[in-house]
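Asker: Sequence plus the predicted model coming up.
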Number of protein chains: 2
Amino acid sequence: MTRFGVNYTPARGWFHSWLDFRTDDAHRDLEAVASLGVDHIRIFPLWPLVQPNRGLIRERALADVVALVDVAAAHGLEVNVDLLQGHLSSFDFLPSWLESWHRRNMFTDPDVIASTAEYVRTAAAAVAERPNLLGVTLGNELNQFAAPPHPTPHAVDPHAARGWLETMVSAAREGLAAAPGAPLVTHALYDAGWYDDAQPFGPAHAAEVGDATITHSWVFNGAAQRAGGLGAGSVRHAQYLLQLAAAFNPDPARPNWLQEVGAPTNVVAPGDAPAFVEATVRGAAAVPSLFGVTWWCSHDVSRSLLDFPDLEYDLGLFTADGDLKPVGRRLAEVIRELRDAPAPVPSPTALVLEDAPLTRSACAPGGAFAAEWLRMAEEEGDAPQIILASRVGRAEQNDRGIVTVRTPPSAAGAPLPVSHPATTA
Amino acid sequence: MTRFGVNYTPARGWFHSWLDFRTDDAHRDLEAVASLGVDHIRIFPLWPLVQPNRGLIRERALADVVALVDVAAAHGLEVNVDLLQGHLSSFDFLPSWLESWHRRNMFTDPDVIASTAEYVRTAAAAVAERPNLLGVTLGNELNQFAAPPHPTPHAVDPHAARGWLETMVSAAREGLAAAPGAPLVTHALYDAGWYDDAQPFGPAHAAEVGDATITHSWVFNGAAQRAGGLGAGSVRHAQYLLQLAAAFNPDPARPNWLQEVGAPTNVVAPGDAPAFVEATVRGAAAVPSLFGVTWWCSHDVSRSLLDFPDLEYDLGLFTADGDLKPVGRRLAEVIRELRDAPAPVPSPTALVLEDAPLTRSACAPGGAFAAEWLRMAEEEGDAPQIILASRVGRAEQNDRGIVTVRTPPSAAGAPLPVSHPATTA
């Protein structure tokens, strides 16, 4: 069974609503979300509100998170809790003890790491015993902080980046020790991890740390600019990224979770959004080992809230007033059809990705490798799998049902730079 | 009558307690504060909690501020509300809409100015009708953000700085239109405004904008390093700064408010703190037009809260557990004696401060002008007033009771650089 869910953006007050948390509001929003037929939501506490001082983790903030998890349960929804926000929709939320006079590297400073791990452990423990806990993610796209184009990056090398992830995953597992089920512990990279050679967090981290490989598909990264909102390169982007992720998974059975995907209005015309949703979700559902798809997002951002990049206002399946949008109706229809569909038959063909060394920019939309995958998917009628060159001929190839491997022509094709919502909008 | 008050630092959770505001805690703290015989407190909402989005001013945050004002009233205390925090005890609190991807100049960006003014207007209106409202200050030492040593300053020129202050003071007055009394509208500079030639906010702004001239006296600025904790240059620093401020006041009757002064343990030994308090307050009380003295601060910061500069933990008159410290006992004694003392007789002698051009560094502790003032105060048995060279012989000289003016010898004496708590501790 494929999991379908929604990233929950509170209709009233956006994530600032944590400052005024009301279960009534959450009930209203999540009743609507549940009506779509989804099985889970992803929620986002704000780090500076939970841990405003390095030595203070607020009990009531965690109680509010637990209360929201319980509201979700009342509507039959499981919950994934992202812990460290961190970054949401162009806004950074770092606690004051990491900024200005107290600026220290969030990935490498030992005191910061210890206190961040304590937060992860404590927050995970707070929700550990909720029966509807799907999992915890360390935080939303924390790798945004690690390199440009972030305006003030916290530089970290790939080795230290892995160490940081492992420390935090361990802390989360400690916090979840009492969990009755087996909640997933994951971490989430924005797609520079896959596409940008300068990004210290990379595919190996995504595929080897935590319990699932997370992808976030945003076609404003060059995919839709190049292909058009409903072009193949746009509606197949999530599918491609999932296939790319699968290539790095050490175990073919490792869950592949498309944890964020949305229809950004700067590159997908609002009228095209339902078609974009349907094609994107169908494409994702054709990828083996798909764990689930979590749409971004539940509710539009109210226009009374200022300074968001324009596209961020209209990503909801519901308006800020709670009305179901055509895009939400279409998603619900697709979910109904696909939720219990049989597992897809993997393509017997795989495109070989050179990984010694790996050139991530070739994998970005417009890059040579990405272009060849897309050409094959469109022209040959079957979207190929992807296999790392170093794994060709190993047992894994058989396990994934790969019969034919194809080496891409050594193409030029300059990749597009990886872009960012705050700079593209 | 001289006003005596305390800067209120909540015993439990410091200013993060706004996230968990409880009137019980406030009652406990303010009952203790009132026992000192003070007549007012100064309070500090956190800007990012009140206005987390540029378009969102949280009603409940303002309701909490009003509730605290009412708790103070129950203990017979008036309240000054600082609006934009901004900066407190080495921590910066800027909303996410001013940081990172959304970084804009807080003093010059038109959208930011308009929304900041809206906050000031709305917050002032929220407290306007409280009968115990002493006043509003735009925010705590906002000029810290305007220049180095701030790590990421929001550069502004002196002309625009004045414009910003005037805009915000107007907004506060609009908000206070319904006030039954005449609450003071003020703004507060840290002492780089007086001592640092590179600081865009300066003495003229302090003396000409708003209803009173505010001074904050912190002897870790070089005064106590040079003089010793109980040396004349240390215990007379507040007095000197008040005299310096008086020199710039266009009207001799303009209130001079020593709104912050404390005994920082990095330069004043804890055992010396009671003597420091007594000498400092007596010195301040000898300055004509003194409006009041507001001690920093009510309660120690709990050591469970991390990352404060060491001196910030021990500035309280009470411990974090609520026990009265010797320094608090001594302050209460001095207040009892001085509160209703007759107005001081101004010194007939004034030291002339060249102001065309003004060299602020000469006024800093260790600077030539400051050194000469201190020498006269100590050796001649009477702390002189200060008069600007441009005002010698004008009516103001008579109004201030200045009979003799003395020009300082053209001294060398390199001034100490202005230091900052976050860098000195």
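Answerer: In hand now; what should we look at?
Asker: and stretch A:97-115, is it in reach of chain B?
Answerer: Yes. Using Cβ under 8 Å from any Cβ of the partner chain, stretch A:97-115 reaches chain B at A:W97, A:E99, A:S100, A:W101, A:H102, A:R103, A:S115. Heads up, the C-betas are built off the backbone N, CA and C, glycines and all.
Asker: before we move on, what about stretch A:141-149?
Answerer: No. Using Cβ under 8 Å from any Cβ, stretch A:141-149 stays clear of chain B, coming no nearer than 9.1 Å.
Asker: Which one of the residues in the stretch 151-300 of chain A is closest to chain B?
Answerer: At 5.6 Å from chain B, A:P151 is the closest residue in the stretch 151-300 of chain A, using Cβ to the nearest Cβ.
Asker: meant to ask about the stretch 101-250 of chain A
Answerer: Closest point on the stretch 101-250 of chain A to chain B, by Cβ to the nearest Cβ, is A:W101, at 4.0 Å.
Asker: check contacts around the closest residue to A:A245 other than its chain neighbours.
Answerer: Leaving aside its sequence neighbours, A:A245 sits nearest to A:T213 (Cβ to Cβ, 6 or more residues apart in numbering or on different chains; 4.7 Å). Shown in contact with A:T213 (Cβ atoms under 8 Å, 6 or more residues apart in numbering or on different chains): A:A206, A:A207, A:A245, A:A246, A:F248, A:N249, A:R254, A:P255, A:N256, A:W257.
Asker: quick one: contacts for A:D300?
Answerer: So A:D300 contacts A:A11, A:Y313, A:D314, A:L315, A:G316, A:F318, A:T319, A:A320, A:K325 (Cβ under 8 Å, 6+ apart).
Asker: So which of those is surrounded by the most neighbours?
Answerer: A:G316 (26 neighbours; other Cβ atoms under 10 Å in any protein chain shown).
Asker: Assess the claim that the residue of the stretch 101-250 of chain A closest to chain B and B:F91 are in contact.
Answerer: Yes. Counting by Cβ atoms under 8 Å, A:W101 touches B:F91, with 7.3 Å between them.
Asker: Looking at the two, which one has more neighbours?
Answerer: Ranked by neighbour count (other Cβ under 10 Å), A:W101 and B:F91 place B:F91 first, with 25 against 22.
Asker: That one against A:L98, yeah?
Answerer: No. Between B:F91 and A:L98 there is no contact under Cβ under 8 Å: 10.5 Å.
Asker: where along the stretch 151-300 of chain A do the strands fall?
Answerer: Along the stretch 151-300 of chain A, the stretches classed as strands by DSSP state E, counting those that start in this stretch are A:184-186, A:213-217, A:256-261, A:290-296.
Asker: Including distance to A:G76 and mean pLDDT, could these go into a markdown table?
Answerer: Shown next, in a markdown table, are the strands of the stretch 151-300 of chain A (distance: least, Cβ to Cβ, whole Å; pLDDT from 0 to 100):
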| stretch | distance to A:G76 | mean pLDDT |
| --- | --- | --- |
| strand A:184-186 | 19 | 98 |
| strand A:213-217 | 24 | 98 |
| strand A:256-261 | 20 | 98 |
| strand A:290-296 | 16 | 98 |
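Asker: With respect to A:A124, which of those strands lies nearest?
Answerer: Nearest to A:A124 among the strands of the stretch 151-300 of chain A is strand A:184-186 (7.9 Å), distances taken as Cβ to Cβ.
Asker: so what secondary structure elements neighbour the closest one?
Answerer: strand A:133-137, helix A:158-175, strand A:256-261 (3 or more Cβ pairs under 8 Å, 6 or more residues apart in numbering or on different chains; DSSP states H and E).
Asker: List of residues touching the longest one?
Answerer: Residues outside helix A:158-175 that contact it (Cβ under 8 Å, 6+ apart) are A:83, A:107-108, A:113, A:116-118, A:120-126, A:128, A:136, A:138, A:143, A:146, A:156, A:185, A:187, A:200-202, A:204-205, A:209-210.
Asker: if I look at the residue nearest to A:D340 when sequence neighbours are not counted, how far off is A:S302?
Answerer: Spatial nearest neighbour of A:D340, chain neighbours left out: A:M1 (6.0 Å); criterion: Cβ to Cβ, 6+ apart. Distance, A:M1 to A:S302, by Cβ to Cβ, to the nearest Å: 35 Å.
Asker: Counting neighbours, go ahead and name the busier of those two.
Answerer: More neighbours surround A:S302 than the other of A:M1 and A:S302, with 19 against 10 (other Cβ under 10 Å).
Asker: my read: the more buried one touches A:S17, true?
Answerer: No. If you go by Cβ under 8 Å, A:S302 and A:S17 don't touch, sitting 10.9 Å apart.
Asker: in the sheet, who's paired with the closest residue to A:R3 other than its chain neighbours?
Answerer: Nearest-residue entry for A:R3: A:G292, 2.8 Å, with adjacent residues in sequence omitted and distances by Cβ to Cβ, 6+ apart. Beta bridges link A:G292 to A:R3, A:W257, judged by DSSP bridges.
Asker: Identify the residues contacting A:G292.
Answerer: A:T2, A:R3, A:F4, A:G5, A:H40, A:W257, A:L258.
Asker: neighbours around A:H159, how many?
Answerer: Counted with other Cβ under 10 Å, A:H159 comes out at 9.
Asker: how close does it sit to A:P200?
Answerer: For A:H159, the distance to A:P200 - Cβ to Cβ - is 9 Å.
Asker: before we move on, what about A:G86?
Answerer: 16 Å.
Asker: and if you look at A:A179?
Answerer: 31 Å.
Asker: now swap in A:F369 and tell me
Answerer: 21 Å.
Asker: Got phi/psi on A:T349?
Answerer: phi -110, psi 140 (degrees, to the nearest 10).
Asker: ditto for the one 4 residues further on
Answerer: When quoted as degrees, to the nearest 10, the phi and psi of A:L353 stand at phi -100, psi 120.
Asker: Now for it: which residues touch it?
Answerer: With Cβ under 8 Å, 6+ apart, A:L353 has these contacts: A:L244, A:A247, A:C363, A:F369, A:I386, A:I387, A:L388, A:A389.
Asker: Over to A:E396?
Answerer: So A:E396 contacts A:P252, A:I387 (Cβ under 8 Å, 6+ apart).
Asker: coming back round to it: can I get the strands of the stretch 151-300 of chain A in a markdown table including distance to B:A72?
Answerer: Below are those laid out as a markdown table (distance: least, Cβ to Cβ, whole Å):
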| stretch | distance to B:A72 |
| --- | --- |
| strand A:184-186 | 47 |
| strand A:213-217 | 48 |
| strand A:256-261 | 47 |
| strand A:290-296 | 45 |
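Asker: for these, which one sits closest to B:V66?
Answerer: Among these, if distance is taken as Cβ to Cβ, the winner is strand A:290-296, at 37.9 Å.
Asker: Quick check: mean pLDDT of stretch A:377-392?
Answerer: Averaged across stretch A:377-392, the pLDDT comes to 95.
Asker: Pull out the buried positions in that stretch.
Answerer: A:A377, A:A383, A:P384, A:Q385, A:I386, A:I387, A:L388, A:R391 (16 or more other Cβ atoms under 10 Å in any protein chain shown).
Asker: ok so, going back, export the helices and strands packed on strand A:184-186 as JSON lines, with columns for distance to B:T407.
Answerer: Below are the helices and strands packed on strand A:184-186 laid out as JSON lines (distance: least, Cβ to Cβ, whole Å):
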{"stretch": "strand A:133-137", "distance to B:T407": "70"}
{"stretch": "helix A:158-175", "distance to B:T407": "62"}
{"stretch": "strand A:256-261", "distance to B:T407": "71"}
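Asker: So for A:P270, which of the ones you listed sits nearest?
Answerer: strand A:256-261 (16.6 Å).
Asker: Run through who's touching that closest one.
Answerer: A:3, A:7, A:42, A:80, A:137, A:184, A:186, A:188, A:212-218, A:238, A:241-242, A:245-246, A:249, A:280, A:284, A:287, A:289-296.
Asker: next one: that strand to chain centre, how far?
Answerer: Centre-to-centre, strand A:256-261 and its host chain are 5 Å apart (Cα atoms, centre = their mean, to the nearest Å).
Asker: three-state assignment of the residue lying farthest from the centre of chain A?
Answerer: Within chain A, A:W101 marks the point farthest from the mean C-alpha position, 31.8 Å out by Cα atoms, centre = their mean. What DSSP: H, G, I helix; E, B strand; the rest coil gives for A:W101 is helix.
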